[in-house]
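>>> Here you go, sequence then predicted model.
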Amino acid sequence: MKVAVVGATGMVGEVMRKVLAERNFPITELIPVASEKSVGKEIDFNGKKYKVVSLETAVAMKPQIALFSAGGDTSKEWAPKFAEAGTTVIDNSSAWRMDPTKKLVVPEINASELTKEDKIIANPNCSTIQMVLALNPLHKKYNIERVVVSTYQSVTGTGVKAVQQLENEYSGVQGEMAYKYPIHRNAIPQIDVFEDNGYTKEEMKMTRETKKIMGDDSIRVTATTVRIPTVGGHSEAVNIEFSNDFDLNEVRSILHNTPGITVQDNTDTFTYPMPLYAEGKDDVFVGRIRRDESQPNTLNMWIVADNLRKGAATNAVQIAEYLVANGLV
């Protein structure tokens, strides 16, 4: 089992390698792939050293699986080349997510749609993954009509440069800026570029991807996505309007019994999810579960997850695990 990690030296790539090792994924050979300037560098994985190779070299090595986290342009150009060579690509960029010929997968929800013919599989956006994992079981039970979500997103979602900007500003050091504005002591209500409708691409990703993953175009989703000066994970305030009424204890029970979700919801003990405590964990944490008293059949929740793990690397590795377990590679 040869596995390529494309973008192996980036933030998500590093976490992908970590998660592959932690979960004892059955690798016989790791193929770390990065930009030309990193080729030849050595990377440690499970006690062995592997040299970083170029994309061309990696394609020729014919890995069974390639985990991509190297940006949309790289994915658009290189994922088809790996696929032609017989490799199954799991891509973390937005390049293939809304392609009608490609599956957009959160394993707990729709991995069963995957077949041997799916050679390029899209990993959803980090903020979408954690939200739909909590929405899906509730949709099955009460039928979701509309979702209003506001996000509070970690600088790690932007990458190393943004983490460095936050650290520089915190320390009073001048340095390169990942954002147009300071992020320390600030909140920036723009993630990704603006689209013609006045929403950002990140906000529209949440709208479009939710419908595709949950297989229901009737769910209305509106989002406001905000970058805040945290590093541990993304947080989301989610308001959900159902067709049918619900019981709060039943909602907690449904979420508690959903694989990949941990309910942290006790106001008496001040127990609720926070990014500081979600960091480094694979679960999606849900709390502040309460009825919206301003209109019927409507629920409020607070959802937190480590965006580099379940929001990216862990989800991709779980897809790979499903492919192996079901003989699809």
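Cool, the structure landed. Numbering: from 1, shown residues only.
>>> Quick check: S69 vs G10, distance?
Per Cβ to Cβ, to the nearest Å, S69 is found 6 Å from G10. In this view, the C-beta of every residue, glycine as well, is placed from N, C-alpha and C.
>>> Those two: which has the busier surroundings?
Using other Cβ atoms under 10 Å as the criterion, S69 and G10 rank with S69 on top: 26 against 20.
>>> Got phi/psi on the more buried one?
Per-residue torsions, S69: phi -150, psi 70 (degrees, to the nearest 10).
>>> Quick check: can you list the domain ranges of the protein?
Using the TED database, the domain parsing of the chain gives 2-123+312-326, 127-154+187-305.
>>> got those as CSV, with distance to G175 columns?
Output for the domains of the chain, formatted as CSV (distance: least, Cβ to Cβ, whole Å):
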stretch, distance to G175
domain 2-123+312-326, 17
domain 127-154+187-305, 15
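>>> of those domains, which approaches V160 most closely?
Ranking those by proximity to V160 (Cβ to Cβ) places domain 2-123+312-326 first, at 5.6 Å.
>>> Figure out how far that closest one is from the centre of its chain.
Domain 2-123+312-326 sits 14 Å away from the centroid of its parent chain (Cα atoms, centre = their mean, to the nearest Å).
>>> Repeat that for stretch 145-164.
Computed by Cα atoms, centre = their mean, the chain-centroid distance of stretch 145-164 equals 10 Å.
>>> which parts of it are buried?
Buried residues in stretch 145-164, counted by 16 or more other Cβ atoms under 10 Å: 145, 147-158, 162-164.
>>> how long is that stretch from one end to the other?
End-to-end distance for stretch 145-164, by Cα to Cα, to the nearest Å: 41 Å.
>>> Same check on stretch 83-92?
Terminal residues of stretch 83-92 lie 15 Å apart, using Cα to Cα.
>>> repeat for stretch 177-190
Using Cα to Cα, one end of stretch 177-190 lies 15 Å from the other.
>>> can you list the residues that contact it?
With Cβ atoms under 8 Å, 6 or more residues apart in numbering as the test, stretch 177-190 has contacts from 152, 155, 158-159, 161-162, 164-166, 169-170, 200, 224-229.
>>> Filter those residues down to just the ones in helices.
161-162, 164-166, 169-170 (DSSP state H).
>>> Format the residues you listed as CSV; extra columns: distance to V15 and pLDDT.
Shown next, in CSV, are these (distance: Cβ to Cβ, whole Å; pLDDT from 0 to 100):
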residue, distance to V15, pLDDT
K161, 17, 96
A162, 15, 97
Q164, 17, 97
Q165, 20, 98
L166, 18, 98
E169, 24, 98
Y170, 23, 97
